[in-house]
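> kindly generate the corresponding structure for this input.
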Amino acid sequence: MKKNFLLLAVLVATAFSQSLMAQNPDPMKAWQEFMTPGDMHKWMAGHAGTWEAEVSQWLDPSMPPNKTKATDVVQMSMNGLFQIGHFSCNMMGMDMMGQSTLGYDNAKKMFVMSWIDNLGSGIVYMTGTYDAATKTLELKGKQTDPMTGKDSDLRQVNKFIDDDTYTMTMYGAGMDGKEMKFMEGTFKRVK
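Residues are numbered from 1 along each chain as shown. A predicted model of the protein is given here:
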């Protein structure tokens, strides 16, 4: 009985191993593909530079927005795999500094983004896709609601008008729990 069980275990382990090898016969090739910048990374690199915008911000959608000037200095990092943005503006009377990291995950076939700033101690994480037909990058994720300590939904839509202009619109949960636009700006590349 022990011999039969041992034989069965060896057969199952062999079949599992062969199944893994059939899915990815060369682990080094998979890692090489994972770490090599591709078309989406080249697309991101095309947005490196300094961008300026007038940004509108809403706390209450029924009220007029607060408007401020913003700057985003964007550079590529890590062998062209990631785009790092250094954002600054004055948000409702407070100097705001933020940092974004945008990448394209070759294995998951999606964009990944993180965001930190000096107006909160949480980290925003979003994922999404780029639609070449509409020239739109849409990211969805979560941010911490400081009043509850729980996650709330967040959505960012970047629409690329041309090589030197794009709009960014941010949506999040309003007081009624429904999605509302809370920030919007048109960014222009500084020449």
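
> give me the distance between S77 and G49.
14 Å (CB to CB, to the nearest Å). Where C-beta positions appear, they are placed from N, C-alpha and C, glycine not excepted.

> ah, wrong one, I meant F87
Applying CB to CB, the value for F87 to G49 is 14 Å.

> likewise for L59?
For L59 relative to G49 (CB to CB), the value is 31 Å.

> for stretch 131-147, give the mean pLDDT please.
On average, the pLDDT along stretch 131-147 is 95.

> likewise stretch 81-100?
pLDDT averaged over stretch 81-100 gives 94.

> list the buried residues of it.
L81, F82, Q83, I84, G85, F87, S88, C89, M91, M96, G98, S100 (16 or more other CB atoms under 10 Å).

> show me what the last one is bridged to.
For S100, the beta-bridge partners under DSSP bridges are G85, W115.

> got phi/psi on the residue positioned nearest the centre of the chain?
Nearest residue to the geometric centre of the chain (CA atoms, centre = their mean): M113, 2.2 Å. Here is the backbone geometry of M113 (degrees, to the nearest 10): phi -140, psi 140.

> thought it was touching D105?
No: applying CB atoms under 8 Å as the test, M113 and D105 come out as separate, 10.6 Å apart.

> low pLDDT regions in the protein?
Confidence mapping of the chain against pLDDT under 70 gives the ranges 1-24.

> for it, which segments count as helices?
Using DSSP state H, the helices of the chain run over residues 2-23, 27-35, 39-45.

> can I get the CA coordinates of the second one in PDB?
Output for helix 27-35, consisting of C-alpha atoms alone and laid out as PDB, is shown next (Å, rounded to 0.1, in the frame of the first residue of the first chain):
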ATOM      1  CA  PRO A  27      11.900  30.500 -17.000                       C
ATOM      2  CA  MET A  28      14.800  32.700 -18.100                       C
ATOM      3  CA  LYS A  29      12.900  33.600 -21.300                       C
ATOM      4  CA  ALA A  30       9.900  34.600 -19.200                       C
ATOM      5  CA  TRP A  31      12.000  36.800 -16.900                       C
ATOM      6  CA  GLN A  32      13.700  38.400 -19.900                       C
ATOM      7  CA  GLU A  33      10.300  39.200 -21.400                       C
ATOM      8  CA  PHE A  34       9.100  40.500 -18.100                       C
ATOM      9  CA  MET A  35      12.000  42.900 -17.700                       C
END
